[in-house]
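Asker: Quick one, what's the 3D model for this:
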Amino acid sequence: MMGCMTVKTFRTDEQSEAALEFLAAQMRGSTFAQVMRTALVEAAEHRRRAALRAEAIEAREDAQDRAAALVLAEEMSELSVW
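Answerer: Modelled structure (predicted):
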């Protein structure tokens, strides 16, 4: 499903120019718009995964959460038909 597509304008700096040049070289044959969209999607996905990883680590290190998970696992194993 295609959402509303708008034109965004931004100023680059040396670091972002270098990053764009690198990505464009990696994505030979892609338009600048494709390079930008891919970069944005990949950056967002990277941050989402990092946030999930941090949340999982926090849960793993929470003694109460671990204890609750063990209780739940035990209760679920009692319900198993196998």
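Asker: what residue lies at the spatial centre of the protein?
Answerer: For the chain, the residue sitting closest to the mean C-alpha position, by CA atoms, centre = their mean, is residue 45 at 2.3 Å.
Asker: and residue 19, how many residues sit next to it?
Answerer: Residue 19 has 14 neighbouring residues, counting by other CB atoms under 10 Å. No exception for glycine: its C-beta is placed from N, CA and C like everyone else's.
Asker: With residue 35 instead?
Answerer: 19.
Asker: Whichever strand or helix holds it - contacts with which helices or strands?
Answerer: Residue 35 is part of helix 32-60, with elements assigned from DSSP states H and E. On a contact count with 3 or more CB pairs under 8 Å, 6 or more residues apart in numbering; DSSP states H and E, helix 32-60 meets helix 14-26.
Asker: which parts of the helix it packs on are buried?
Answerer: Buried residues in helix 14-26, defined by neighbour count with 16 or more other CB atoms under 10 Å: 23, 24.
Asker: That helix vs helix 32-60, what angle?
Answerer: 110 degrees (axes from the mean of the first three to the mean of the last three CA atoms, to 10 degrees).
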